[in-house]
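1. Sequence and predicted structure, then a few things I'm wondering about:
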Amino acid sequence: MRWLVGLFLLASPAAAVTCQNIEYLGTSYTTCEVRAGEDLQLFLRDDDGDILGRFSTIENDTGRTLAFAMNAGMYHEDRDPVGHYIEDGVQESRVISSDGPGNFGLLPNGIFCIADTLQVFETFDYLDRQPDCTYAVQSGPMLVIDGALHPRFLADGTSKFIRNGVGTSSDGTRAVFAISNDAVNFHDFGALFRDHLALPNALYFDGKVSRLYAPALNRSDFGWQLGPIVGVLN
C-alpha cells in the first residue's frame, strides 16, 4: 500500500510528536519524530506480568492515550525480548554480544536507550559506556554506525520486506522512528536514516511484523500480538 506524501502534526501539545509520510528512492515511508523529554517509554508487560502485545492494550492498561507507538525489537515465541531489555530502570534481560543466525545476530547490532537523551548505541560501545538507561531494547542489525551503513548491506540486495527502525541525532535530542510502506532492502532502509534523515546512528527493529500506531495520520496497524513496543503517552 502506498501512502500519500504529506505532513501531519499531532494536535495535542502534551506530546510533541511529528508524524509524516515521505518518499525516498521510490519507496514510501512513515516517520515519527520524538524529542528528548517527551514521555517516551517501552512497554512489554502489565502489572500481572502478562504481555501487553497491542497498542490498545497499552492504552487500557495505563488509562492514557498514545500519541505514537510501534513494535520495538525482536522477540521469541512467548514474546519475550530476544536481547537486552530494560523497562522503567529494571533490567529484564541481559545484553547479547555474540553473533548468531538471523538479523539480530548480524553484527554489529545495537541498543536503543531512552534516558535524559535518546541514543542508539552499537552493542560493544554500549557495554563500554554503560549508559544509565531508563528504558533500553536491543535489536539488530545496526542500520547506520557513526555515519556509515552496516558493512554487510548490498545496494542491490534482493531481500525486501516492510521494515521499521529508529535513528537518533548526534546530540541525543531527537529520535526518528520509521516504517516502510513498501518492501525495501536493508541498504535502502539504512540510506533513509543516513542520507535523508541525516541521523548518524540507526537501529533495525524488525520486518514482516512491523506495525505503527499514528492517530494523527488515522493509522493503527493490526496483526498478530507484539513483544516490546515503544510509544509516547499523552
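-> Nice, I can see it.

2. Residue 67: how many residues sit nearby?
-> 26 (other C-beta atoms under 10 Å). Every C-beta, even on glycine, is put in place using the N, C-alpha and C of the backbone.

3. Backbone torsions only: list them for it.
-> Note on residue 67: backbone dihedrals following degrees, to the nearest 10 are phi -80, psi -20.

4. now do residue 132
-> The phi and psi values for residue 132, taken as degrees, to the nearest 10, are phi -90, psi 90.

5. Would you agree it is in contact with residue 115?
-> Yes - at 6.0 Å, residue 132 and residue 115 qualify as touching, with contact defined as C-beta atoms under 8 Å.

6. Comparing the two, which residue is more hemmed in?
-> The neighbour comparison of residue 132 against residue 115 (other C-beta under 10 Å) goes to residue 115, with 15 against 11.

7. where does that one land on pLDDT?
-> Residue 115 is assigned a pLDDT of 98 by the prediction.

8. can you tell me how far it sits from residue 134?
-> 5 Å (C-beta to C-beta, to the nearest Å).

9. Give the full set of residues in contact with residue 175.
-> 33, 34, 36, 40, 112, 118, 166, 167, 168, 169 (C-beta atoms under 8 Å, 6 or more residues apart in numbering).

10. which one of these sits closest to residue 48?
-> Looking at the contacts of residue 175 and their distance to residue 48, the nearest is residue 40, at 24.0 Å (C-beta to C-beta).

11. tally of neighbours for that closest one?
-> Residue 40 has 23 nearby residues by other C-beta under 10 Å.

12. can you pull the contacts of it?
-> Residue 40 neighbours (C-beta under 8 Å, 6+ apart): 34, 114, 118, 135, 175, 230, 231, 232.

13. Residue 167 now?
-> 120, 143, 144, 175, 176, 178, 193, 197, 199, 201, 202, 203 are the contacts of residue 167 under C-beta under 8 Å, 6+ apart.

14. isn't there a strand covering it?
-> Yes - assigned with DSSP: H, G, I helix; E, B strand; the rest coil, residue 167 falls within a strand.

15. and it, what pLDDT?
-> 98.

16. How about residue 104?
-> 78.

17. State the phi and psi torsions of the closest residue to residue 25 other than its chain neighbours.
-> Leaving out its chain neighbours, the residue that sits closest to residue 25 by C-beta to C-beta, 6 or more residues apart in numbering is residue 188, at 5.4 Å. Residue 188 adopts backbone torsions of phi -70, psi -30, taken as degrees, to the nearest 10.

18. repeat for residue 195
-> Main-chain torsions, residue 195, degrees, to the nearest 10: phi -90, psi -40.

19. Would you quantify the distance from it to residue 55?
-> Residue 195 is 30 Å from residue 55, by C-beta to C-beta.

20. who's more crowded, these two?
-> residue 55 (24 against 14).

21. Report pLDDT for that one.
-> Residue 55 carries a pLDDT score of 97 in this model.

22. In contact with it, which residues are there?
-> 66, 69, 211, 213, 220, 229, 231.

23. redo that, cut-off 6 Å
-> 69, 213 (C-beta atoms under 6 Å, 6 or more residues apart in numbering).

24. can you check residue 22 too?
-> Applying C-beta under 6 Å, 6+ apart, the residues near residue 22 are residue 29.

25. Identify the bridge partners of it.
-> residue 29 (DSSP bridges).

26. returning to that earlier point: between the contacts of residue 40, which sits nearest residue 61?
-> Closest to residue 61, out of all of the contacts of residue 40 and judged by C-beta to C-beta, is residue 231, at 11.8 Å.
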